[in-house]
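1. need coordinates for the following:
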Amino acid sequence: MEVKSDISLLSSSCPECKGKVIPIQAKGEIVCSKCGLVVSERIVDVSHSGKRAFTKHEKEKRERTGSPISILLPDMGLSTIIDKTNIINPDLKRAAKWNSRMTWDKRNMLIATTELKRIGSNLNLPIHVKKTAIRIYIEAFKKKLLRGRSINGMVAACLYFACREGAIPRTLQEILEETSINAKNVRRCYRTIIRELNLKVPSTDPISLIPRYIAELGLNTEAEKGAIRLLTSFISNCSISGKDPKGLCAGVLYFISKSQKKKISQKEIANLVGVTEVTLRSRYKEIIKKLNFKI
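-> Numbering: from 1, shown residues only. Below is the predicted model of the structure:
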């Protein structure tokens, strides 16, 4: 039996009334516009890719209209490039040449997004933290807060704020290790965006830092549970206002290591957490004093 192709069916007329046939892509049918006869009910869709979609969400997801728009791209992924190879008109050549030149605003965003994605990839930061950081950077750029300040320093400050807002256990020292900017400039940029953009400074939860430090010290799960329990009790019964969260973590880690008789020195814990040994001992003595009242 010979099967007619869809193209031949579209070019022919209705076999009943000789009327014009039209395709209905949604149903995959070819029907007569005059009498409504279904000439073919399984037409081949050649206008889309070979991926099948069974729901509306899948159909929208499989639409191929170029790369997706992302705020992490310096131009949101909407830029166009003029091909200069086949241009003969000198005026068009001049226009294409000027179109390829990048303005300072675009160059600034290109440097910032590249640096932000580099630091985010090295620290394994989630995508929502990167998007929050670049939004803050764009607002700072619009308000001209980058005058006299480093692009990389402002990027590091925006990333640090995004980490604190998203409760990501990353400290400022870890971000500084991925940049070539000193801590003084980054802190100055951080205070600037907090003051000028009227941002609410989120507090760093020291409990969220415990699991990572426990893993890096090679302690077991019981040590992690004990450290979290001890730190939770200390926070609920003692004010931690003005205290560095890393110092609290260092004191708790040293207490847990001593209680489990692990040979971990104060210097090792202080270097891992990023505080001084004096801070570690001070927080350790506070924990001991508080425990003496509770036990």
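2. from the chain's centroid, how far away is stretch 24-35?
-> Taking the mean of its C-alpha atoms, stretch 24-35 sits 46 Å from the chain's own mean (Cα atoms, centre = their mean, to the nearest Å).
3. start at 17 instead
-> Taking 17 as the first residue, the last one we looked at is stretch 40-51.
4. tell me where the model's unsure across the stretch 117-266 of the chain.
-> Filtered on pLDDT under 70, the stretch 117-266 of the chain yields the residue ranges 118, 258.
5. can you give me the helices for it?
-> Using DSSP state H, counting those that start in this stretch, the helices found in the stretch 117-266 of the chain span residues 120-138, 143-158, 167-181, 188-193, 199-212, 226-233, 237-253, 261-275.
6. and the ones you listed: which comes nearest residue 74?
-> Residue 74 lies closest, by Cβ to Cβ, to one member of the helices of the stretch 117-266 of the chain: helix 143-158, at 22.0 Å. Heads up, the C-betas are built off the backbone N, CA and C, glycines and all.
7. got the contact list for that closest one?
-> Contact with helix 143-158 is made by 87-88, 121, 124-125, 128-129, 132-133, 136, 162, 170-171, 174-175, 177-179, 181-182, 184, 208-209, 212-213, 215, as judged by Cβ atoms under 8 Å, 6 or more residues apart in numbering.
8. residue 279: neighbour count?
-> Counted by other Cβ atoms under 10 Å, the residues lying close to residue 279 total 7.
9. look up phi and psi at it.
-> Dihedral pair for residue 279: phi -80, psi 80, per degrees, to the nearest 10.
10. ok, residue 133 to residue 255 distance?
-> According to Cβ to Cβ, to the nearest Å, residue 133 and residue 255 sit 39 Å apart.
11. likewise for residue 126?
-> Separation of residue 126 from residue 255 (Cβ to Cβ) stands at 46 Å.
12. go on, residue 220?
-> As judged by Cβ to Cβ, residue 220 and residue 255 stand 16 Å apart.
13. which of the two has more neighbours?
-> Legend: neighbour count by other Cβ under 10 Å for residue 220 and residue 255, higher for residue 220 (19 against 7).
14. can you pull the contacts of that one?
-> 180, 187, 261.
15. same thing but 6 Å
-> Shown in contact with residue 220 (Cβ atoms under 6 Å, 6 or more residues apart in numbering): 180, 261.
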